[in-house]
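**Q** here are the coordinates; sequence isn't available:
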């Protein structure tokens, strides 16, 4: 049994969150900081990162970086360790959805989607694993999707990247879990973010998505906090290689 009085605690842990300037990444970076983790937020937009820091209680640092080029993962990992030491938690929330129909997918759009959504989470995790391994403890949380398992119109490249995330998460878990590093994925349903703006901008479509859930509503950011803290804490010490759908039961119907 764990000696921790609160196995869901992340107090004192060092967390690295990509996509921390907006949407789900920002919400989870804030939640981790408010739960006592020392959080390094990484995103492309420096001003938005600083706004996040100004509005967040707790120890935080911001690293502006373009996450589209996986060749930069090693340098980003090095910078992420500067404020508080080697990160023990990685939440890889940065992502893009070009929403190009299959006949309109471009090579540039394909490469950007796969590099940001799939390649960067792996190579950044790979670069951070030595620090986690040295501590004998680590948590990596990737982001899958409803499209990890089903097709949506206009989501060919995005769906390919998210299908890859599900399998990559399992493969990383198989490789690193014996070192005390648990690797899991969250698969959100429909949440209001910049990425899902076109969905929520269509009231009829948003209502149809809500009706598809078992609960009868679309997601709210706070719905992701509990599952994320679970996967980032000692509470998940025997959970690895899993995709946890946080979708109100959308995928159950």
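**A** The structure has been received and is ready for your questions. Every value quoted in this text rests on a predicted model; they were computed, and no experiment measured them.
**Q** contacts only, for the residue most central in space within the chain.
**A** In the chain, the centroid-proximal residue (C-alpha atoms, centre = their mean) is residue 93; its distance is 2.8 Å. Counting by C-beta atoms under 8 Å, 6 or more residues apart in numbering, residue 93 makes contact with 17, 18, 19, 20, 23, 24, 25, 28, 143. Yep, even glycine has a C-beta here, placed from its N, CA and C like the rest.
**Q** check which helix or strand residue 164 maps to.
**A** helix 156-176 (DSSP states H and E).
**Q** show me how far the next helix or strand after that helix is from its chain's centre.
**A** Sequence order places strand 181-188 as the next helix or strand after helix 156-176, per DSSP H and E. Strand 181-188 sits 8 Å away from the centroid of its parent chain (C-alpha atoms, centre = their mean, to the nearest Å).
**Q** I'd like the next helix or strand past strand 181-188.
**A** Where DSSP H and E defines the elements, the next helix or strand beyond strand 181-188 is helix 197-200.
**Q** so for that following helix, mean pLDDT?
**A** The pLDDT scores in helix 197-200 average 84.
**Q** give me the contacts around it.
**A** For helix 197-200, using C-beta under 8 Å, 6+ apart, the contacting residues are 99, 190, 192, 205, 206, 209, 218.
**Q** buried residues, that helix. List them.
**A** Using 16 or more other C-beta atoms under 10 Å as the burial criterion, the residues of helix 197-200 that qualify are residue 199.
**Q** just how off-centre is it within its chain?
**A** Here helix 197-200 is found 20 Å from its chain centre; the criterion is C-alpha atoms, centre = their mean.
**Q** name the helices or strands packed onto whichever helix or strand comes after it?
**A** Note on helix 197-200: by DSSP H and E, the next helix or strand toward the C-terminus is helix 203-212. Judged by 3 or more C-beta pairs under 8 Å, 6 or more residues apart in numbering; DSSP states H and E, helix 203-212 is in contact with helix 197-200.
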